[in-house]
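Trainee: The sequence and its predicted three-dimensional model are supplied below.
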Amino acid sequence: MFIKFFHFFLFSSLYISLCAVLMVYQTNSLFFNGNSSIHLMAFVFFSTICSYNFHWYLTPESVNSSIRSQWTQDHKGLHLVLTMMGLVGAIYYFFVLREHWMALCFSGFVTFLYSAPKLPQTFFKELKNVAIGKTIFLAFVWMFVTTMLPIFTATDQLKLVHVLFACSRSFLIYAICILFDYRDREDDKNQGIRSLITYFNERGVNIIFWISLIIFALSTLLLYWFHFSIATIIILLIPGIILAFIYNYSKKHFSDYLYYFLLDGLMMLSGLLMIIFQI
């Protein structure tokens, strides 16, 4: 029963949706003294439920059998139900937050574009041909929804420190996405999805990964000059340090638990640590 519940929690995208909510909460805590909008977090939660279940509902069976792939094929109906439930919740909170309609619409649009190439219509299929689109675009979507969206809904002043934090978060997420793309490169080739990782050899992938992680570290360290405490800087760096240590292992071991629990969890780990240590 525990395994079944854990698979539901993980593969129904409840876990990744909670990760997104915690990342939004962290952004508000860092810049707006913890004055988090419950309505915005609810919007992000339901939007993530909707978009991820929509994505998995459209995903064909993987060439590499896995627990996630089999669970997805066995629960297509559940993915569709969760997609509709998430859509209803997202629409409701969109109207609650309608004064920020432009930022909300943009976040919804770019989120939809990530899954759009999986739709059967010719117009959407053509999006697969967009060079290097998948990995960079996904990192951008996650950064915008969890970083820029809470900033835009809280203030009309975009500061350099906001951009620096967005850069830090973007390159951490991108480094994580590189591992997902490396694991899924055969599926992507079969589906005609193009990304940098499908083009480069192993050495090229390593270079892109380490450059991303270095930019993440540098942009995080620069936050010190904007009055971020040393403790906060260290906590923000921890996910990148863990990622660096498990990088080679993750390229050889493709466990769904490693990827969908640990690697996805790294995105929200610093926010969780800030709550635990009350920073």
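Mentor: Thanks, I have it. Numbering: from 1, shown residues only.
Trainee: from here on, contacts and neighbour counts on C-alpha atoms
Mentor: Will do.
Trainee: which residues touch residue 164?
Mentor: Contact analysis of residue 164 by C-alpha atoms under 8 Å, 6 or more residues apart in numbering lists 219-220, 222-223.
Trainee: In terms of helices and strands, where is it?
Mentor: helix 160-183 (DSSP states H and E).
Trainee: Ok, residue 84 next?
Mentor: Residue-wise, residue 84 maps onto helix 76-96 under DSSP H and E.
Trainee: Residue 242 too?
Mentor: Using DSSP H and E, residue 242 maps to helix 230-250.
Trainee: Might you list the low-confidence residue ranges for the stretch 51-200 of the chain?
Mentor: In the predicted model of the stretch 51-200 of the chain, residues 62-64, 120-133, 187-195 satisfy pLDDT under 70.
Trainee: 80 instead?
Mentor: Scanning the stretch 51-200 of the chain with the threshold set as pLDDT under 80 gives 60-65, 113-134, 185-200.
Trainee: now the helices for the stretch 1-150 of the chain?
Mentor: 2-11, 14-31, 38-58, 67-74, 76-96, 101-115, 122-125, 133-143, 149-154 (DSSP state H, counting those that start in this stretch).
Trainee: Including distance to residue 182 and mean neighbour count, could those helices go into TSV?
Mentor: Converted to TSV, the helices of the stretch 1-150 of the chain look like this (distance: least, C-alpha to C-alpha, whole Å; neighbours: other C-alpha atoms under 10 Å):
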stretch	distance to residue 182	mean neighbour count
helix 2-11	20	13
helix 14-31	20	22
helix 38-58	19	23
helix 67-74	17	16
helix 76-96	25	18
helix 101-115	18	17
helix 122-125	22	12
helix 133-143	10	20
helix 149-154	29	19
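Trainee: closest one to residue 276 among those helices?
Mentor: Closest approach to residue 276 among these (C-alpha to C-alpha): helix 14-31, 12.2 Å.
Trainee: related to what we said a few turns ago, any chance of the helices of the stretch 1-150 of the chain in TSV, with distance to residue 171 too?
Mentor: Below are the helices of the stretch 1-150 of the chain laid out as TSV (distance: least, C-alpha to C-alpha, whole Å):
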stretch	distance to residue 171
helix 2-11	24
helix 14-31	15
helix 38-58	20
helix 67-74	26
helix 76-96	27
helix 101-115	18
helix 122-125	27
helix 133-143	8
helix 149-154	17
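Trainee: So which of those helices is nearest residue 274?
Mentor: Of these, nearest to residue 274 by C-alpha to C-alpha is helix 14-31, at 7.9 Å.
Trainee: what angle do the closest one and helix 38-58 make?
Mentor: 150 degrees (axes from the mean of the first three to the mean of the last three C-alpha atoms, to 10 degrees).
Trainee: Give the other helices and strands that helix 14-31 contacts.
Mentor: helix 38-58, helix 149-154, helix 264-276 (3 or more C-alpha pairs under 8 Å, 6 or more residues apart in numbering; DSSP states H and E).
Trainee: if we can go back for a sec, how about the helices of the stretch 1-150 of the chain, which one is nearest residue 211?
Mentor: Among the helices of the stretch 1-150 of the chain, helix 133-143 comes nearest to residue 211, with 13.8 Å by C-alpha to C-alpha.
Trainee: Excluding its own residues, what touches that closest one? List them.
Mentor: Residues outside helix 133-143 that contact it (C-alpha under 8 Å, 6+ apart) are 107, 110-111, 114, 166, 169-171, 173-174, 177-178, 181, 193-196.
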